[in-house]
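Visitor: this is a predicted model, with the sequence first.
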Amino acid sequence: MTVMNLLGRTPVEADRDAAEPVIAPFDRRVIAVGAVVCAVLLALSTRYGFHRDELYFIECARHLQASYVDQPVLTPLLAWVSLKLFGVSLLALRLWPALAAWATVVLAGLTAREFGGGRRAQLLAAVSTATMPVVLGGDHLFGPTAFDMLAWAALALVVAKIGRTGDVRWWPAGGLVLGLGLANKHSVGLFAVALVIGVFLAGGRRLVLNRWFFAGAVIAVLFAVPDIWWQAQHHWATIAMSGALARENGGLVNMANWVIGQLAMSALALAGVWVAGLRSLWRSGRPAWRGLVWAYAILFVFFAVTTGGKIYYLAGAYIYLLAAGAVAIDGWLAARPGRFRRLLRATAVSVAIAVPLVLPVLPPGDVGWTQTINPVLAESAGWPQLVSTVRTVWSSLPAGQRASAVIFASNYGEAGAINVLGSGLPQAVSGHNTYWWWGPGNPRATTVVAVMPGPKDGGGDAAYLGHFFSSVRAVATLSNPYGLHNQEWGGHVYLCTGPRHPWSQIWPQLRQYS
């Protein structure tokens, strides 16, 4: 008799069938598939350099706090652990998302098992997840996306188990998963809300109106308390940033991109698998499993309308849909053994096409053509050259002028590069996201060395800086040795003097959320 048995049974448990569906043994090949993905990601982890977001997360780790403008504390906390153990190391930092990819693949296999899948279905679910371009690309970088997909997959696994067994005593485990996910990124909270709505719509009211569900909800809320406290102390900055993202990524054009972009979440050869998963979950008649379909539909519409430009926001849902689809087509695959091999070959071709777009397999100078589809790779090159340019400008200033000068960067990537890679340079400041809250540096500065992006990012010309300084002079141009026209290409370093107001009074006007 387990602890759960001693705690008693709910009406839901009393109503379920006495004999639960037989569950297949776990296929350990799933673990091997995850290990292969982890090994590939680690092997490619140092091919280029830090991405702008990774530089920012290192800076967040150096300013460890309860939350931040653009994410809660978990990602910076993991970066802090990496810094303490290994210093500034790209390989060590990217070990975290590589391990997250491994765990995500294993969870996919386990989810297929909960949906009734045998060894072949579990293996197909693992391979389908391992070959998702969004998993390969998202887990190549250190950032919230890798851990967010993992949280979605884990929460879906709990829901799948509750749907199979009717055992609502698993909700506290779901609350733990949700709590950890909320400590990383808020989107898993939207998934949880959509799930609850979906279960209600599917007729599973008693699955969520019980003490176990509320215990799980309390656990999740406890994890969110530090974030809520920080937001309250900082004027609900994340809400303001979310509004800015919606304005930037919403609209009809981005809505169309969203719909098309969902086909790129899995390998193209496997698009039919997750569609089959949607159908099978809906036809299952199980409220919890149908709730997963409702959650997908609700969030599909919500993200399409609000942040359509961020096509990966729904990526976590495809993990459980692929798992369900693997189970749904298992009989079809079994009818003719050659079908499984052909599906795997088609998947391999799809992955071969996608890999140059999401992983650094090409020489840095050859990835320029990928920028319109995925700008991430191009944004992982050129930072040492930017730092060198800023160092040259800074060193050219007379010592007396340097004493009353600050380095101002237009975005957190530039500021992060200077602060992480620019040994010997003073700490750069920026008005971008959480950087603004860390302050202006010397509040009495009279000279500002301003690093502004190139035309791709809207440019940072002298006219903008002229609102704040009487003298703005371009002293250097930003470039990189690969000819990649990324956000910094063609930008400038400006020497700004003659502030129209004290630097401390200019600072509030420089805040930007994006």
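Guide: Received it, and whenever you're ready, just let me know what you need.

Visitor: flag the shaky bits of the protein, pLDDT-wise.
Guide: 1-21, 459-460 (pLDDT under 70).

Visitor: strands of that one, residue ranges please.
Guide: 405-409, 429-430, 447-452, 469-477, 492-499 (DSSP state E).

Visitor: how about CSV for those strands, with mean neighbour count and distance to residue 247 added?
Guide: C-beta: built from backbone N, CA, C; applies to glycine. Shown next, in CSV, are the strands of the chain (neighbours: other Cβ atoms under 10 Å; distance: least, Cβ to Cβ, whole Å):
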stretch, mean neighbour count, distance to residue 247
strand 405-409, 25, 23
strand 429-430, 26, 21
strand 447-452, 25, 22
strand 469-477, 16, 28
strand 492-499, 20, 27
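
Visitor: now the helices for the stretch 251-400 of the chain?
Guide: Ranges of helices in the stretch 251-400 of the chain, per DSSP state H, counting those that start in this stretch, are 252-261, 271-283, 287-306, 315-328, 330-335, 337-358, 383-396, 399-402.

Visitor: any idea which of the ones you listed is most buried?
Guide: Stretch with highest mean neighbour count among the helices of the stretch 251-400 of the chain: helix 315-328 (a mean of 29; mean count of other Cβ atoms under 10 Å).

Visitor: and it, how far from the chain's centre?
Guide: Its chain's C-alpha centre and that of helix 315-328 lie 19 Å apart, by Cα atoms, centre = their mean, to the nearest Å.

Visitor: ditto for stretch 280-289
Guide: With Cα atoms, centre = their mean, you get 28 Å for stretch 280-289.

Visitor: just the terminal-to-terminal distance for it.
Guide: 9 Å (Cα to Cα, to the nearest Å).

Visitor: of all the residues in the longest helix along the chain, which ones are buried?
Guide: Counting residues, the longest helix found in the chain (DSSP state H) is helix 90-114. Across helix 90-114, burial judged by 16 or more other Cβ atoms under 10 Å covers 90, 92-114.

Visitor: relative to residue 385, which of the strands of the chain is closest?
Guide: strand 469-477 (10.8 Å; Cβ to Cβ).

Visitor: list of residues touching that closest one?
Guide: 389-390, 392-393, 396, 448, 450, 462, 465-466, 490-500 (Cβ atoms under 8 Å, 6 or more residues apart in numbering).

Visitor: where exactly do the helices run in the stretch 1-150 of the chain?
Guide: Counting by DSSP H, counting those that start in this stretch, the helices of the stretch 1-150 of the chain are 3-6, 11-15, 29-44, 52-62, 74-86, 90-114, 119-130, 133-138, 144-165.

Visitor: let's have those in CSV, adding distance to residue 513.
Guide: Below are the helices of the stretch 1-150 of the chain laid out as CSV (distance: least, Cβ to Cβ, whole Å):
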stretch, distance to residue 513
helix 3-6, 45
helix 11-15, 44
helix 29-44, 31
helix 52-62, 13
helix 74-86, 18
helix 90-114, 25
helix 119-130, 33
helix 133-138, 23
helix 144-165, 16
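
Visitor: relative to residue 84, which of the helices of the stretch 251-400 of the chain is closest?
Guide: Per Cβ to Cβ, nearest to residue 84 of the helices of the stretch 251-400 of the chain: helix 383-396, 22.7 Å.

Visitor: elements contacting the closest one?
Guide: Counting contacts by 3 or more Cβ pairs under 8 Å, 6 or more residues apart in numbering; DSSP states H and E, helix 383-396 is packed against strand 405-409, helix 412-421, strand 447-452, strand 469-477, strand 492-499.

Visitor: what sits against residue 208?
Guide: Residue 208 touches 196, 199, 200, counting by Cβ under 8 Å, 6+ apart.

Visitor: select from the residues you listed every entry located in helices.
Guide: By the criterion of DSSP H, membership of these in helices covers 196, 199, 200.

Visitor: do I have it right that the second one meets residue 289?
Guide: In other words, residue 199. No. Residue 199 is beyond contact range of residue 289, at 9.5 Å (criterion: Cβ atoms under 8 Å).

Visitor: for residue 393, see how far away the residue of the chain most remote from its centre is.
Guide: Centroid-distance maximum for the chain: residue 400 at 44.0 Å, with Cα atoms, centre = their mean. Using Cβ to Cβ, to the nearest Å, one obtains 16 Å as the distance from residue 400 to residue 393.

Visitor: which ones are touching residue 134?
Guide: So residue 134 contacts 149, 264, 265, 312, 315, 318, 358 (Cβ under 8 Å, 6+ apart).

Visitor: 6 Å - rerun?
Guide: By Cβ atoms under 6 Å, 6 or more residues apart in numbering, the contact set of residue 134 is 265, 312, 315.

Visitor: same question, residue 212
Guide: Residue 212 sits next to 168, 169, 171 when contact means Cβ under 6 Å, 6+ apart.

Visitor: what is the burial count for residue 217?
Guide: 19 (other Cβ atoms under 10 Å).

Visitor: right, I mislabeled it, should have said residue 374
Guide: For residue 374, using other Cβ under 10 Å, the count is 18.

Visitor: I'd say it and residue 355 touch.
Guide: No. Counting by Cβ atoms under 6 Å, residue 355 is not a contact partner of residue 374; they are 11.3 Å apart.

Visitor: ok, residue 262 to residue 255 distance?
Guide: Counting by Cβ to Cβ, the gap from residue 262 to residue 255 is 12 Å.

Visitor: ok, residue 361 next?
Guide: Counting by Cβ to Cβ - residue 361 and residue 255 are separated by 32 Å.

Visitor: same thing with residue 318?
Guide: Distance from residue 318 to residue 255, by Cβ to Cβ: 19 Å.

Visitor: over to residue 316?
Guide: Taking Cβ to Cβ, one finds residue 316 at 20 Å from residue 255.

Visitor: which of the contacts of residue 208 lies closest to residue 483?
Guide: Ranked by distance to residue 483 (Cβ to Cβ), the contacts of residue 208 are led by residue 196 at 50.3 Å.

Visitor: for the closest one, give me its contacts.
Guide: Contacts of residue 196 (Cβ under 6 Å, 6+ apart): residue 208.
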